[in-house]
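Asks: Sequence and predicted structure are below.
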Amino acid sequence: MVLLGKKFYSQDTVTVARDLLGTILCRRINNKILRGIICETEAYTQDEPACHAFKGKTNRCNVMFREGGFCYVYFIYGMHYCMNVVTEKEGRGCAVLVRALEPLDGLTGTNGPSRLCKTFGITKELNGVDLRSNLSPLWIEKGEKPLEIVTSTRVGISSAVDYPWRFYIKDSGWVSRK
DNA sequence: GATAAGATGTTA
DNA sequence: AACATCTTATCA
């Protein structure tokens, strides 16, 4: 078992989004560990209007401005949580949205950004958690590099719709539906 | 204080 | 295609 470290998360956001595919999201909850292979991601950077950090630090997105490797969780549509991985260096408001997991340990219900949060018990409580330590309730381990990666535009946004910043493992079977 | 929009998911 | 449901950001 090898954890992803500071060096990994400090990279360019789009690089991190692509390289997170195949890594393993791990959640300690109720004396159990849930695991899933990250198979779909999207990159968001401060420079473009679809990003929560576009207009600078707010109460919601301030975690995005910390150094790479922290967890950014937000609540949306009155009922859903979404989980992000903060990237780059402190002061840059960037993150990668984790959109789907290929479940290990027999889990299911992990195809979709809010579905995986529900299944993994990820709520606002985990906003700001350090993903680089397995003493945290949530962390990420190295995994198998995917054979083939597909690139497309991001889902569910109304600005910067043409950025090719969504990535998923080809033929995964667990990618969120369109 | 009010208002509109939102990185979704389910149902019809 | 509609809707469930409420936080967040923005404006007054």
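Replies: That came in fine, so what should we check first? Residues are numbered from 1 along each chain as shown, chains lettered A, B, ... in the order given.

Asks: which residue lies farthest from the center of chain A?
Replies: For chain A, the largest distance from the centre (CA atoms, centre = their mean) belongs to residue A:31, which lies 23.2 Å off.

Asks: Could you report the separation of that one from DNA strand B?
Replies: 26 Å (CB to the nearest atom of the strand, to the nearest Å). C-beta here means a position set from N, CA and C on the backbone, and glycine is covered the same way.

Asks: how about the residues of chain A that lie near DNA strand C?
Replies: Within chain A, the residues that sit near DNA strand C (CB under 7 Å from any atom of the strand) are A:52, A:55, A:58-61, A:74-75, A:77-79, A:124.

Asks: Counting neighbours, which of the residues you listed comes out on top?
Replies: residue A:61 (21 neighbours; other CB atoms under 10 Å).

Asks: Now do the contacts for it.
Replies: Residue A:61 makes contact with A:52-53, A:72, A:74, A:93, according to CB atoms under 8 Å, 6 or more residues apart in numbering.

Asks: residues contacting residue A:101?
Replies: For residue A:101, counting by CB under 8 Å, 6+ apart, the contacting residues are A:25, A:36-39, A:110-111, A:116, A:174.

Asks: Quick check: the residue of chain A nearest DNA strand B.
Replies: residue A:156 (1.7 Å; CB to the nearest atom of the strand).

Asks: do you know how far that residue is from residue A:59?
Replies: According to CB to CB, to the nearest Å, residue A:156 and residue A:59 sit 22 Å apart.

Asks: swap in residue A:66?
Replies: 14 Å.

Asks: nearest spatial neighbour of residue A:68, skipping sequence neighbours?
Replies: Leaving aside its sequence neighbours, residue A:68 sits nearest to residue A:9 (CB to CB, 6 or more residues apart in numbering; 3.0 Å).

Asks: contacting residues around the one you found?
Replies: Residue A:9 is in contact with A:16, A:67-69, A:85-88, A:131-132, counting by CB under 8 Å, 6+ apart.

Asks: In helices, which of the residues you listed fall?
Replies: Residues of those located in helices (DSSP state H): residue A:16.

Asks: out of the contacts of residue A:9, who's nearest residue A:169?
Replies: Taking CB to CB as the measure, residue A:169 lies nearest residue A:16 of the contacts of residue A:9, at 15.6 Å.

Asks: What residues does residue A:145 make contact with?
Replies: So residue A:145 contacts residue A:22 (CB under 8 Å, 6+ apart).

Asks: now it: how far from residue A:22?
Replies: If you go by CB to CB, the gap between residue A:145 and residue A:22 works out to 5 Å.

Asks: Quick check: neighbours shared by the two?
Replies: By CB under 8 Å, 6+ apart, no residue touches both residue A:145 and residue A:22.
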